[in-house]
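following is a predicted model, sequence given first.
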Amino acid sequence: MTQKRHTQSKAKIKAAITELLLEKKAFGDITIRQITEKAHINRSTFYLHYQDKYDLIEKLMHEITDHLRKELHDDPASIEEKLIHSLNYLQSQQEFIKLIIDIAPVNFSQKTRQFITELVESDPALFYDVVNPDLPLPKDYRLTTYVASIESIYAHWMLTGAQEAPQDIADMILVVRGFYQK
């Protein structure tokens, strides 16, 4: 029962911060009081889960990346199917993700690249299992350009409203993947 209440409280808090940001409020101007009033919860409930509004955003971003990491590693499907499943999830979170990008684009971009880099390093077969050693770039630059390409496709898709189907975005990522293969 307690877990269910925690989950409901967190969902209300996420909905509240999303709604406040959609109202075009600047993140810096949003207060904990506004979040808790919008969520119809006590301030103590907010602080039970989060230290402050920055911790809230950080943890909400982690929820998204944790979900993706689990899906990409636990799903026995092909790379293309894993990408499509992940992109479907991201598309369902598009409104919130776009709002986070608007809060601090450089920070979001950096965190996204770091996340993709960790995925590639933990399971190279997930993205580029057969890297062309003849590419005239040192290995760390191949990884950097590869990750930046994927992050750019993803960020553009989110910022433009995720209009393309996840299948189309997966195909684009697979094209980029192909550039790095033999």
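Sure thing, it's come through.

element containing the residue in the chain sticking out farthest from the centre, please.
No residue in the chain sits farther from the centre than Asp134, which is 32.1 Å out by C-alpha atoms, centre = their mean. For Asp134, there is no enclosing helix or strand under DSSP states H and E.

His73 contacts Ser86, correct?
No - in this structure His73 lies outside contact range of Ser86 using C-beta atoms under 8 Å: 10.9 Å. C-beta coordinates here come from the backbone N, C-alpha and C atoms, glycine included.

between these two, who's got more neighbours?
Set His73 next to Ser86 and count neighbours by other C-beta atoms under 10 Å: Ser86 wins out with 21 against 12.

residues in contact with the more buried one?
Residues in contact with Ser86 (C-beta atoms under 8 Å, 6 or more residues apart in numbering) are Leu68, Glu71, Leu72.

which stretches of the chain have low pLDDT?
Residue ranges of the chain with pLDDT under 70: 1, 75, 104-106, 126-131, 182.

helices of that one, start to end?
Remark: helices assigned in the chain by DSSP state H are 2-22, 32-39, 43-49, 53-74, 79-92, 94-103, 105-122, 139-159, 166-179.

centre of the chain to the fourth one, how far?
Translated: helix 53-74. 7 Å (C-alpha atoms, centre = their mean, to the nearest Å).

circling back: which of the contacts of Ser86 count as buried?
Buried by 16 or more other C-beta atoms under 10 Å: Leu68, Leu72, out of these.

residues contacting the residue nearest to Leu22 when sequence neighbours are not counted?
For Leu22, ignoring the flanking residues on the chain, the nearest one in space by C-beta to C-beta, 6 or more residues apart in numbering is Leu99 at 6.9 Å. Listed by C-beta under 8 Å, 6+ apart, the contact partners of Leu99 are Thr18, Leu21, Leu22.

out of those residues, grab the one that's most surrounded.
Ranking these using other C-beta under 10 Å puts Leu21 first, with 20 neighbours.

quick check, it in contact with Ile30.
Yes - assessed by C-beta under 8 Å, Leu21 is found in contact with Ile30 at 7.5 Å.

if we can go back for a sec, the contacts of Ser86 into a markdown table, with extra columns for distance to Gln167?
Formatted as a markdown table, the contacts of Ser86 follow (distance: C-beta to C-beta, whole Å):
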| residue | distance to Gln167 |
| --- | --- |
| Leu68 | 17 |
| Glu71 | 16 |
| Leu72 | 17 |
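
closest one to Ile103 out of the contacts of Ser86, please.
Distance to Ile103, by C-beta to C-beta, is smallest for Leu68 among the contacts of Ser86, at 19.6 Å.
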